[in-house]
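Colleague: quick one, what's the 3D model for this:
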Amino acid sequence: MAKKSYPFKIGHFECLAISDGDFAIPHDEIFADVAVSRVEQLLRKHNSEPGGVPIAATCLLVRAEKT
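Modeller: Presented below is the predicted three-dimensional model:
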């Protein structure tokens, strides 16, 4: 996924969502108490690579000025 930004407003708040792309967290860091073979089986069942769980990284910046 390419890095992108999405500006929008909510009332008087100016917001900017910034996507920093996707990365994978090793499954043993998330599913520490589950056998590796079971985790890999479930990841394949849901069309994910067994090397890690894909996570999207997005930051939200909000400008809220005092009135």
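Colleague: show me what secondary structure element comes after the longest strand along the chain.
Modeller: For the chain, the strand that runs over the most residues, judged by DSSP state E, is strand 13-25. Past strand 13-25, heading to the C-terminal end, the next element that is a helix or strand (DSSP states H and E) is helix 27-30.
Colleague: other residues contacting that following helix?
Modeller: When contacts are defined by C-beta atoms under 8 Å, 6 or more residues apart in numbering, helix 27-30 is touched by residues 36, 39-40, 43, 50-53. For glycine as for every other residue, the C-beta is placed from the backbone atoms N, C-alpha and C.
Colleague: which strands or helices does the longest strand of the chain pack on?
Modeller: Here strand 13-25 touches strand 4-10, strand 53-63, going by 3 or more C-beta pairs under 8 Å, 6 or more residues apart in numbering; DSSP states H and E.
Colleague: run the chain-centre distance for the shortest one.
Modeller: Here the centre of mass of C-alpha atoms in strand 4-10, compared against the chain's by C-alpha atoms, centre = their mean, to the nearest Å, lies 17 Å away.
Colleague: and what of stretch 55-67?
Modeller: Relative to where its chain is centred, stretch 55-67 has its mean C-alpha point 16 Å off (C-alpha atoms, centre = their mean).
Colleague: now swap in stretch 50-60 and tell me
Modeller: Centre to centre, stretch against its chain (C-alpha atoms, centre = their mean), the figure for stretch 50-60 is 4 Å.
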